[in-house]
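Visitor: Test case, fold it:
(2 chains)
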Amino acid sequence: MSNRAKTAWLHFGVLALLFVLQFVLPAYHHGNLARIMVLASYAIGYNILFGYTGLLSLGHALFFAAGMYGMGMAIHLFEASPAPALIAGLVAGVIVSVAVGYLALRTAGVAFMIVTLMFAQAGYLMILYLGAYTRGDEGVVIQQGERILWGIDLSDPTNRYFAALALFSICLIFTLRLVQAPFGKTLIAIRENEERARMLGYDVFAHKWAAVIMSGTISALAGASYGLLFGYVGATFATVQYSIFPLLWVLLGGAGTVLGPLVGTLFMFYLIDLSSGVTSAYMLIAGVALVLLTLFAPQGLAGEIRARVWRWLP
Amino acid sequence: MTILTTRGLSKNFAGLKAVQEVDFDLPKGQIRALIGPNGAGKTTFVSLLCGRIAPSAGTVVFDGQDISTLPAHKRINLGMAYTFQVTSVFANLSVDENVALAARRRFSGSEVDSAVSDALVKVGLDGRRDQNAGDLSYGHQRLLEIAMGVVQQPRLLILDEPTQGLAESEVADFKALVRDLSRTATILLIEHNMSVVMELADKITVLNFGQILAEGTPAEIHADPAVQAAYLGTG
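Guide: Numbering: from 1, shown residues only, chains lettered A, B, ... in the order given. Reported below is the predicted structural model:
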């Protein structure tokens, strides 16, 4: 079997497994997995920029929140139905990532991290400042009646699970195609050696900018879906915490691997979930697990598998 | 017909005049060697040509077009290729992918594969396609650099100390390769290995303290007393 065929089998296998799990999982884990798939989509967006292009952003909550608020405000202020609201979220994500990418990419390295962090903080404060519309910290609840997409009630757990799976599948297949295409390979080249890529005639700025836009737009789509599927749009999702989460998920799962974001999100979600059942100091257990992983699996879970077993893993 | 011309090309680094008012003409199809003592400004000069660094003053004309203000990637796309002095391959990517990244600037689809194969055969690395570039020996990494230059089918190929670290037998292969390339490309070669320079170059330019000290055929340069004093030694 060629590497490409193995890759296709593995990734479609994962999607098929997620599909089947819907019928066997108990309600609690079923709900968790729906949430994990949406968050993993966010991590997939983050991974395009961090894992494949080598740009560490500390401000991705801005994109997640742009999508979430673009969707939420369309419903809250303009009584839009879910489909146009989702599109509004997507458009908000595109606009914000075009602008932030253009400005932030004038910097590199640590400066890029700080600039993205500052943009995200500005976005968070903007949400609070415009409290008259956004309801600030309290946020906006999207009512059940406002969450019916093409006759499908997204507040129903089964529908929600399938919607999350659909979103995750789109993001997964998109990244898989991306990293196998010349464009994605150029992003990897830029990550590996930017100056060399430039001296091969690649327009490095344009490629990085496109990566920010793709990454930000996928993050925004995840944010919009999260708000719609779980019925709440709040300023918490724009805080720095939500910029750090995708970084952790991707690092744990394996930066620069297509499945890493899912693996990392799943791992971290259940690490906190299980340890909080044992002790109230659950963050301590999570912290120790993170330190151990960083020490013994620095490339993340999927990254280690690639380094040791499946060298063809994209 | 000249493919490359510079006029008054200069670069200062905080007061240090690395390259000073260089007027340089390179005719099409020539193999030109650029020699000079360490710190003479050779790498700085070619970096100004291909846009890696911006000049303090002066102009660069490539094939009739003033490219002084063009960014590096646009100059490369006009038909220049540059191989790095310090080996700068994509260490974590396969040999194959390294060359493919260079080839995709000019080819698409299945043409990429055949262009990559051709280039790797030319430099003798076709047996190592699946290895990680970082696992190659230093000499092989140099050859990979050259393959990445060759595969772009450039009109002007700038080679920055290509034979550094190559074994004697590899140097002989390299000479043959450059002769072969010179049928389709103009070649500008920074080189310390005098046997390579004397055998390959149609003309030699000697840089010293950022200025052109002498220019001429290998025989003329070899006999030039100023060059001998500055660089070649009296032996």
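
Visitor: Could you pick out the residues of the stretch 51-200 of chain A near chain B for me?
Guide: A:182, A:185-186, A:188-189, A:192-193, A:195-200 (CB under 8 Å from any CB of the partner chain). In this view, the C-beta of every residue, glycine as well, is placed from N, C-alpha and C.

Visitor: Name the residue of the stretch 1-150 of chain A that lies nearest to chain B.
Guide: Closest contact between the stretch 1-150 of chain A and chain B, by CB to the nearest CB, is at residue A:3 (10.7 Å).

Visitor: Correct me if wrong: that residue contacts residue A:310.
Guide: No. The pair residue A:3 / residue A:310 is not scored as a contact, 9.3 Å apart, by CB atoms under 8 Å.

Visitor: Among these two, which residue is more densely surrounded?
Guide: The neighbour count for residue A:3 versus residue A:310, taken as other CB atoms under 10 Å in any protein chain shown, is higher for residue A:310 (15 against 12).

Visitor: Check the offset of stretch B:20-29 from the chain's centre.
Guide: Mean-position distance between stretch B:20-29 and its chain equals 14 Å (CA atoms, centre = their mean, to the nearest Å).

Visitor: Can you give me the buried ones in that stretch?
Guide: By 16 or more other CB atoms under 10 Å in any protein chain shown, the buried positions in stretch B:20-29 come out as B:20, B:22, B:24, B:26.

Visitor: mind saving the C-alpha coords of that stretch as CSV?
Guide: Output in CSV follows, covering the C-alpha atoms of stretch B:20-29 (Å, rounded to 0.1, in the frame of the first residue of the first chain):
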residue,chain,number,x,y,z
GLN,B,20,32.4,49.7,-2.3
GLU,B,21,31.2,51.1,-5.6
VAL,B,22,31.5,47.9,-7.6
ASP,B,23,31.0,48.1,-11.3
PHE,B,24,30.6,44.6,-12.6
ASP,B,25,29.6,43.2,-15.9
LEU,B,26,28.9,39.5,-16.6
PRO,B,27,28.4,38.4,-20.2
LYS,B,28,25.9,35.7,-21.0
GLY,B,29,27.1,32.1,-21.0
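
Visitor: any idea of the mean pLDDT for stretch A:122-136?
Guide: In this model, stretch A:122-136 carries a mean pLDDT of 88.

Visitor: okay, now the domains of chain B?
Guide: As recorded under automatic domain parsing, the domains making up chain B are B:2-79+B:155-232, B:92-153.

Visitor: Figure out which of those domains is closest to chain A.
Guide: Of the domains of chain B, nearest to chain A by CB to the nearest CB is domain B:2-79+B:155-232, at 3.4 Å.

Visitor: close to chain A, is that closest one?
Guide: Yes. Judged by CB under 8 Å from any CB, domain B:2-79+B:155-232 comes into contact with chain A through B:50, B:52, B:71, B:72, B:73, B:76, B:77.

Visitor: tell me the contacts of the fifth one?
Guide: Residues in contact with residue B:73, defined by CB atoms under 8 Å, 6 or more residues apart in numbering or on different chains, are A:198, A:199, A:201, A:202, A:203, A:204.

Visitor: what's around the last one, how many residues?
Guide: In other words, residue A:204. 20.

Visitor: how close does it get to residue B:59?
Guide: Residue A:204 sits 25 Å away from residue B:59, taking CB to CB, to the nearest Å as the criterion.

Visitor: now swap in the second one and tell me
Guide: Here the criterion is CB to CB. By it, residue A:199 lies 21 Å from residue B:59.

Visitor: which of those two has more neighbours?
Guide: Higher neighbour count among residue A:199 and residue B:59: residue A:199, with 28 against 14, using other CB under 10 Å.

Visitor: nearest spatial neighbour of that one, skipping sequence neighbours?
Guide: Nearest non-adjacent residue to residue A:199, counting by CB to CB, 6 or more residues apart in numbering or on different chains: residue B:82, 5.2 Å away.

Visitor: For residue A:312, which three-state class applies?
Guide: Secondary structure of residue A:312, reduced to three states by DSSP: H, G, I helix; E, B strand; the rest coil: coil.

Visitor: With residue B:91 instead?
Guide: Strictly by three-state DSSP, residue B:91 counts as coil.

Visitor: Might you report the residue contacts of it?
Guide: For residue B:91, the contact set (CB under 8 Å, 6+ apart) comprises A:192, A:193, B:132, B:133, B:134.

Visitor: any idea how far residue B:92 is from the last one?
Guide: Okay, so that is residue B:134. Per CB to CB, residue B:134 is found 6 Å from residue B:92.

Visitor: What of the third one?
Guide: Counting by CB to CB, the gap between residue B:132 and residue B:92 amounts to 6 Å.

Visitor: thought the residue nearest to residue A:199 was touching residue B:51?
Guide: No. Applying CB under 8 Å as the test, residue B:82 and residue B:51 come out as separate, 9.1 Å apart.

Visitor: middle-most residue in chain B, spatially?
Guide: Nearest to the mean C-alpha position of chain B, by CA atoms, centre = their mean, lies residue B:159 at 1.8 Å.

Visitor: Each with direction, which strands does the helix or strand it falls within pair with?
Guide: Assigned by DSSP states H and E, residue B:159 belongs to strand B:156-160. Using DSSP bridges, strand B:156-160 pairs in its sheet with strand B:80-83 (parallel), strand B:186-190 (parallel).

Visitor: burial measure for the residue of the stretch 151-300 of chain A found nearest chain B, as a count.
Guide: The nearest approach of the stretch 151-300 of chain A to chain B comes at residue A:201, 3.4 Å away (CB to the nearest CB). Residues near residue A:201, counting by other CB under 10 Å, number 24.
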